[in-house]
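Engineer: Only the shape, not the letters, is given here:
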């Protein structure tokens with residue numbers, strides 16, 4: 001029997017969503033390098049929104065170029081998300097660009113990120129880890145079926161609703177693959193994601209001096225292994241300064257990353273994580289296969 005919580009009431013599919021023509025900006029709820037996230041309200045329907053906003057500079061300087069890139073990334077996020085409709089994926093409700101701002105309207109999730117929950121409450125009970133893992137896998141299976149690789153799956157990018165329902169968010173690193181199961185060839189400049197979620201195939205290619213790197217949806221499975229470990233440990237296991245060094249050592253040893261002695265794993269969790277951390281991507285299970293793993297199903 002699955003540990004997945006019951007789904008929230010269905011919301012209109014993307015094709016049924018009406019364009020947001022008028023909205024009011026509320027409190028600042030998040031801030032990034034090139035933009036901010038505000039609470040917003042559709043002034044026609046009263047719907048509460050999360051609005052990612054990037055200011056458009058027109059001074060002709062370096063900042064202008066960086067902001068232009070940020071606007072393009074915002075457009076790409078919306079393009080990837082606009083047709084997605086799944087209870088474990090945050091919804092994109094629309095995009096607008098004015099002379100001063102680019103705005104992406106998102107479903108508002110009234111809860112913290114998984115990372116914030118871990119900082120507040122520490123490690124989770126094994127049953128809750130299985131439940132959350134099952135929900136993330138449902139979202140990943142849907143994304144991969146649609147040909148989308150998230151490329152930055154981590155506890156910061158998993159939002160928890162009031163009823164304990166997980167939503168995968170922040171698609172700024174995401175890409176749509178021609179074939180999700182075939183390695184897409186990317187230049188180093190196109191590589192995205194956080195240090196801790198850099199996969200062995202990427203590290204190996206870089207150590208070989210390759211200018212182009214091929215990878216597929218299995219990068220998200222590797223990332224999921226870290227998410228599960230963080231939940232069981234109650235913290236991010238390695239600081240960023242140490243993360244890449246530990247991963248390089250793992251690649252050289254051809255063995256999954258060292259787990260601190262104070263992190264005790266059940267046999268089921270240990271097997272699940274080892275499968276996520278298979279050094280060769282073709283040996284990592286798919287999200288569909290992992291949903292059938294006893295650790296998630298039991």
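Structural biologist: Ah, there it is. Please read these numbers as outputs of a predicted model, since none were measured by experiment. Numbering: from 1, shown residues only.
Engineer: When you work out contacts or count neighbours from here on, use the C-alpha atoms and nothing else.
Structural biologist: Fine.
Engineer: which residues of the protein fall in strands?
Structural biologist: Under the criterion DSSP state E, the chain contains strands at 23-31, 36-42, 48-55, 92-97, 101-107, 148-149, 158-160, 166-168, 175-176, 184-187, 212-215.
Engineer: mean pLDDT for those: which is lowest?
Structural biologist: The minimum mean pLDDT among those belongs to strand 184-187 (a mean of 48).
Engineer: In contact with residue 245, which residues?
Structural biologist: For residue 245, no contacting residues are found, by Cα atoms under 8 Å, 6 or more residues apart in numbering.
Engineer: Among the strands of the chain, which comes closest to residue 278?
Structural biologist: With Cα to Cα as the measure, strand 212-215 is the member of the strands of the chain nearest residue 278 (14.2 Å).
Engineer: Spit out the contact partners of the residue nearest the centre of the chain.
Structural biologist: By Cα atoms, centre = their mean, the chain has its centre lying nearest to residue 153, at 3.3 Å. Applying Cα under 8 Å, 6+ apart, one finds that residue 153 lies in contact with 197, 220, 223-224, 227.
Engineer: Among those residues, which one is most surrounded by other residues?
Structural biologist: In terms of neighbour count, residue 227 stands highest of these at 27 neighbours, by other Cα atoms under 10 Å.
Engineer: That one and residue 152 touch, don't they?
Structural biologist: No: contact between residue 227 and residue 152 fails when scored by Cα atoms under 8 Å: they sit 11.0 Å apart.
Engineer: what residues are up against residue 49?
Structural biologist: 39-42, 105-108.
Engineer: can you redo these as CSV with distance to residue 287 and neighbour count?
Structural biologist: Listed next are the contacts of residue 49 as CSV, based on distance: Cα to Cα, whole Å; neighbours: other Cα atoms under 10 Å:
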residue, distance to residue 287, neighbour count
39, 33, 19
40, 34, 22
41, 35, 21
42, 36, 17
105, 28, 27
106, 25, 24
107, 24, 16
108, 26, 19
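Engineer: any weak-confidence spans in the stretch 51-200 of the chain?
Structural biologist: Within the stretch 51-200 of the chain, the stretches with pLDDT under 70 are 58-65, 181-197.
Engineer: That one: helices as residue ranges?
Structural biologist: Taking DSSP state H, counting those that start in this stretch as the criterion, the stretch 51-200 of the chain carries its helices at 62-81, 114-121, 126-145, 200-207.
Engineer: now the angle between helix 126-145 and the second one, please.
Structural biologist: Here helix 114-121 runs at 170 degrees with respect to helix 126-145, directions being taken by axes from the mean of the first three to the mean of the last three Cα atoms, to 10 degrees.
Engineer: Please enumerate residues in contact with helix 114-121?
Structural biologist: In contact with helix 114-121 (Cα under 8 Å, 6+ apart) are residues 124, 155-160, 231, 234-235.
Engineer: Looking at these, which is nearest residue 275?
Structural biologist: residue 231 (16.9 Å).
Engineer: mind checking how far the closest one is from residue 121?
Structural biologist: To residue 121, residue 231 is 11 Å away according to Cα to Cα, to the nearest Å.
Engineer: More neighbours: these two, which one.
Structural biologist: Neighbour totals were compared for residue 231 and residue 121, and residue 231 leads with 26 against 10 (other Cα under 10 Å).
Engineer: these two touch, right, that one and residue 127?
Structural biologist: No: using Cα under 8 Å, residue 231 makes no contact with residue 127, being 11.0 Å away.
Engineer: burial measure for the closest residue to residue 171 other than its chain neighbours, as a count.
Structural biologist: Of all residues beyond its chain neighbours, the one nearest residue 171 is residue 77 (5.6 Å), with distances taken as Cα to Cα, 6 or more residues apart in numbering. Other residues lying near residue 77 total 20 when counted by other Cα under 10 Å.
Engineer: Equivalent analysis for residue 119, please.
Structural biologist: Neighbours of residue 119 (other Cα under 10 Å): 13.
Engineer: So the closest residue to residue 70 other than its chain neighbours versus residue 85, what's the distance?
Structural biologist: In space, and not counting its chain neighbours, residue 70 is closest to residue 34: 6.3 Å by Cα to Cα, 6+ apart. In this view, residue 34 and residue 85 are 27 Å apart by Cα to Cα.
Engineer: The two: who's more crowded?
Structural biologist: Between residue 34 and residue 85, counting by other Cα under 10 Å, residue 85 is the more crowded of the two (19 against 16).
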